[in-house]
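# the following comprises the amino acid sequence and a computationally predicted model.
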Amino acid sequence: MNQKILFVCLGNICRSPAAEGVFSSMVEQKDFFIDSAGTSGFHSGDKADFRMIEHAKKRGIELTSKSRKFEPEDLELFDHILVMDDKNLRDVLKMANAKQSKKVRKITDYCTRLKYDHVPDPYYGGAQGFDLVLDILDDACQGLLKSLKQ
Ligand code: 4NP
């Protein structure tokens with residue numbers, strides 16, 4: 001198994017770098033190629049938001065990604081594309097053909113414990129929002145991994 005997994009949010013500095021870090025912490029690196037991207041290029045080249053880095057660090061997860069914009073080629077390159085909310089889903093699907101569309105899912109579709117239909121954007125909020133992102137991603141990434149192994 002060498003699967004290519006891409007996590008996508010708006011800015012690629014909060015939710016999708018966190019998803020990349022959470023999922024990476026759960027798997028054998030040799031089995032996956034894992035990356036993240038943003039539908040906007042607002043923060044291209046930036047490290048993850050310092051608040052997201054700090055909250056992840058408290059859980060033993062290191063975030064090392066640099067923000068980049070999602071590109072149409074990603075739809076060809078990656079096997080699975082996991083987005084954080086409905087806006088991300090619409091923006092990514094706008095670029096996808098029918099075959100590529102099948103690779104794209106909201107990451108919360110894989111939640112088994114928590115009842116969320118999207119990962120709320122923590123950028124303009126307080127500390128609680130960053131912890132919630134990590135809680136949802138922990139649940140969703142466990143579900144994703146289980147589904148990929150089936
Ligand atoms: P993210 O959060 O999509 O989870 O990376 C955001 C980061 C930056 C902005 C919006 C959302 N922004 O508007 O700059």
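Sure thing, it's come through.

# confidence score at the spatially most distant residue from the centre of the chain?
No residue in the chain sits farther from the centre than residue 98, which is 21.8 Å out by CA atoms, centre = their mean. Listed pLDDT for residue 98 reads 98.

# need the contact list for it.
Applying CB atoms under 8 Å, 6 or more residues apart in numbering, we find residue 98 in contact with no residue. C-beta here means a position set from N, CA and C on the backbone, and glycine is covered the same way.

# can you check residue 59 too?
residue 134.

# what helices and strands are in contact with the helix or strand harbouring residue 16?
Using DSSP states H and E, residue 16 sits in helix 15-26. Counting contacts by 3 or more CB pairs under 8 Å, 6 or more residues apart in numbering; DSSP states H and E, helix 15-26 packs against strand 3-9, strand 32-38, helix 50-58, helix 127-149.

# does the ligand sit close to that helix?
Yes: Helix 15-26 is in contact with the ligand by CB under 6 Å from any ligand atom, via residue 15.

# in that helix, what's buried?
For helix 15-26, burial by neighbour count (16 or more other CB atoms under 10 Å) applies to 15-24.

# out of those residues, who's nearest the ligand?
Nearest to the ligand, judged by CB to the nearest ligand atom, of the buried residues of helix 15-26 is residue 15 at 3.4 Å.
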